[in-house]
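>>> Provided below for reference: sequence and predicted model.
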Amino acid sequence: MSSSPEDVRVSQQGATDHAEAFCTGCGTAECGGCRSDYDAPRHCPRCGHLLRTKVHPAGWAAECRRCDLEIRSP
Amino acid sequence: MTTSTKTALTARELLRAAENALLDERRDLDAAELTALSTLPDDQIPALGALAHQVRLDRCGPAVEVEGILSAKTGGCPEDCHFCSQSSQFDESMPATPFLDTAEVVAAARETAETGATEFCIVLAIRGPDGRTVDRILELVPLIRSETGLNVAVSAGILSEDQSERFAAGGVHRYNHNLETAESFFPNIATTHTWAERYNTCKMVKQSGMELCCGALLGMGETVHQRIELLTQLQSLAPTEVPLNFLNPRPGTPLQIRKPIKPLEALRWIALFRLALPEVILRYAGGREITLGELQAMGMTAGVNALIIGNYLTTLGRSPEEDLQMLEDLKMPVGALTGVL
Ligand code: SF4
Ligand SMILES: [Zn+2]
Ligand SMILES: [Zn+2]
């Protein structure tokens, strides 16, 4: 089952909060959060796999095919 | 006389000559004149920008055209443009997403219309469209137009003559196809298609009766001479619009090692683009946030008269409210520039 956006908190401004096991910028577990304000998430916060990310004018939505996770901008 | 006074005098002479050419004689600048202006010292860039702003007001007026863009098919592109995160040719390629469904595309157009924008561009990461893709786009264009009132532009790669004619007949008022860089630098940037293929599509778009939107990407390692070469190549195409992108080095691409260009350098080239292309719709496009940071308003008074609002194709922009506030503070009205120029 997919998680709701509330299950994994990912801010559009790029801060990695404590709910993320992997950096959404580089996909590593060690990184403190390198995603910039102007990047949509690239890696899954749960498993670090590359996300399929769709960006639209007012936000973004991303899904991880490996762990069946969907996240979107607030 | 000190060296710096000499330089300042030379700079004033150069700027005066450019002003005479553009505002009095009303002729275009040639490569030699643009090259001379490109050598002005950094402390003369505000003066260069001021001249570019005068030229923009004289030829285009105060209005700013605001546009939203949408990547309707992302990633998986077979081409190898070295700056592009959507190419499938590099090691850490972005996973592809299929063509968005109609509701998603219309929703994105609505988001754009809500900002007061007048233009919406549907962009596809493909070499060129197949028959089904052309059909799909031609279903979307009138639908978006009737649902939102926006002018609809399309960017779908290299076209055949027949496809170009079909888009024109189907209500695509502007077609985007970027030269990106000078012909002499292009082999460093892509090997799966040629600069000539891009140039030919651009010419075909105009012949079919669509407005041509033909952009540039600065900061890929091209020389000053090659930027001037690109300007003269754009002069020869005479596009309606030029979106000006600054490289935002993308992880996993061959150009990830490059650094974004410096803010003053970006402002110098914004001004030079305006001086080379006095009547064009010169649009702020990708990379402006990371390149210019706090100096984004300066571009609006150095030749820019259009911007992409909201997010880009795969990266995020600053908030629409910030851009709209900037335009209000500058007393620049938002309006369509189609057919005005
Ligand atoms: S053709 Fe367009 S989408 Fe494809 S790699 Fe080049 S720039 Fe990217
Ligand atoms: Zn990281
Ligand atoms: Zn995952």
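Good, I have the coordinates. Ligands and ions are numbered 1, 2, ... in the order given.

>>> So which bits of stretch B:312-327 are buried?
Within stretch B:312-327, the residues scored as buried using 16 or more other CB atoms under 10 Å in any protein chain shown are B:Tyr312, B:Leu313, B:Thr314, B:Thr315, B:Leu316, B:Gly317, B:Arg318, B:Pro320, B:Asp323, B:Leu324, B:Met326, B:Leu327. Yep, even glycine has a C-beta here, placed from its N, CA and C like the rest.

>>> hmm, it in reach of chain A?
Yes: Stretch B:312-327 lies within reach of chain A by CB under 8 Å from any CB of the partner chain, at B:Tyr312, B:Leu313, B:Thr314, B:Thr315, B:Leu316, B:Gly317, B:Arg318, B:Pro320.

>>> is ligand 1 contacted by that stretch?
No: using CB under 6 Å from any ligand atom, stretch B:312-327 stays clear of ligand 1, with a minimum separation of 8.4 Å.

>>> pretty sure B:Val242 is touching B:Glu279, no?
No: counting by CB atoms under 8 Å, B:Val242 stays clear of B:Glu279, with 10.7 Å between them.

>>> Who has more neighbours out of the two?
Comparing B:Val242 with B:Glu279 by other CB atoms under 10 Å in any protein chain shown, the one with more neighbours is B:Val242, at 25 against 15.

>>> hang on, that one is in a helix, isn't it?
No: counting by DSSP: H, G, I helix; E, B strand; the rest coil, B:Val242 is not part of a helix but strand.

>>> Can you give me the distance of it to ligand 2?
Distance from B:Val242 to ligand 2, counting by CB to the ion, to the nearest Å: 35 Å.

>>> what about the nearest residue to that residue once chain neighbours are set aside, distance to ligand 1?
For B:Val242, ignoring the flanking residues on the chain, the nearest one in space by CB to CB, 6 or more residues apart in numbering or on different chains is B:Val280 at 5.0 Å. If you measure B:Val280 against ligand 1 using CB to the nearest ligand atom, to the nearest Å, the figure is 21 Å.

>>> quick one: B:Val280 from chain A, how far?
According to CB to the nearest CB, to the nearest Å, B:Val280 and chain A sit 24 Å apart.

>>> residues in contact with that residue?
B:Leu234, B:Pro239, B:Thr240, B:Glu241, B:Val242, B:Phe273, B:Arg274 (CB atoms under 8 Å, 6 or more residues apart in numbering or on different chains).

>>> Figure out the helix or strand that the closest residue to B:Gly149 other than its chain neighbours lives in.
Once flanking residues are discounted, B:Gly149 sits nearest to B:Ala113: 6.8 Å by CB to CB, 6+ apart. Here B:Ala113 sits within helix B:102-114, counting by DSSP states H and E.

>>> which helices and strands sit right next to that helix?
strand A:52-56, strand B:65-73, strand B:119-124, helix B:131-148 (3 or more CB pairs under 8 Å, 6 or more residues apart in numbering or on different chains; DSSP states H and E).

>>> which one of the ones you listed lies closest to ligand 2?
Closest to ligand 2 of these is strand A:52-56 (CB to the ion; 15.5 Å).

>>> partner strands of that closest one, parallel or antiparallel?
strand A:59-64 (antiparallel) (DSSP bridges).

>>> immediately after the partner strand, which helix or strand?
For strand A:59-64, the following helix or strand on the C-terminal side (DSSP H and E) is strand A:69-72.

>>> average model confidence for that next one?
For strand A:69-72, mean pLDDT is 95.

>>> For stretch B:249-262, list every residue counted as buried.
B:Pro249, B:Arg250, B:Thr253, B:Pro254, B:Leu255, B:Arg258, B:Pro260, B:Ile261.

>>> any low-confidence regions in chain A?
Along chain A, the parts satisfying pLDDT under 70 run over A:1-19.

>>> Please give me every residue in contact with whatever residue of it ends up closest to ligand 1.
Ligand 1 sits closest to A:Val55 of chain A, with a gap of 13.8 Å, by CB to the nearest ligand atom. Residues in contact with A:Val55 (CB under 8 Å, 6+ apart) are A:Ala40, B:Ser71, B:Thr74, B:Asn311, B:Tyr312, B:Leu313, B:Thr314, B:Thr315, B:Leu316.

>>> mind listing which of those residues are in strands?
Among the contacts of A:Val55, the residues falling in strands (DSSP state E) are B:Ser71.

>>> So for the helix holding B:Ala113, mean pLDDT?
97.

>>> in it, what's buried?
Result for helix B:102-114 [16+ other CB under 10 Å]: buried residues B:Val105, B:Val106, B:Ala107, B:Ala108, B:Ala109, B:Arg110, B:Glu111, B:Thr112, B:Ala113.

>>> angle of that helix against strand B:119-124?
For helix B:102-114 against strand B:119-124, the angle by axes from the mean of the first three to the mean of the last three CA atoms, to 10 degrees is 150 degrees.

>>> these two touch, right, A:Leu69 and A:Glu63?
Yes: using CB under 8 Å, A:Leu69 makes contact with A:Glu63 at a distance of 6.8 Å.

>>> And stretch B:123-134, end to end?
Distance between the two ends of stretch B:123-134: 12 Å, counting by CA to CA, to the nearest Å.

>>> Could you check how far the closest residue to chain B within chain A is from B:Asn311?
Going by CB to the nearest CB, chain B is nearest to A:Pro57 of chain A, at 3.6 Å. Shown here: A:Pro57 relative to B:Asn311, a distance of 6 Å by CB to CB, to the nearest Å.

>>> ok, the closest residue to ligand 2 within chain B - contacts?
Using CB to the ion, B:Pro251 is the residue of chain B that sits closest to ligand 2, at 9.9 Å. For B:Pro251, the contact set (CB under 8 Å, 6+ apart) comprises A:Cys26, A:Arg42, B:Ser85, B:Glu92.

>>> what's the answer for B:Ile308, then?
B:Glu67, B:Gly68, B:Ile69, B:Pro243, B:Arg283, B:Tyr284, B:Ala285, B:Gly286, B:Gly317.

>>> Give me the phi and psi angles of the fifth one.
It stands for B:Arg283. Here is the backbone geometry of B:Arg283 (degrees, to the nearest 10): phi -110, psi 130.

>>> State the pLDDT value of it.
Looking at B:Arg283, its pLDDT stands at 98.

>>> This completes my enquiry, with thanks.
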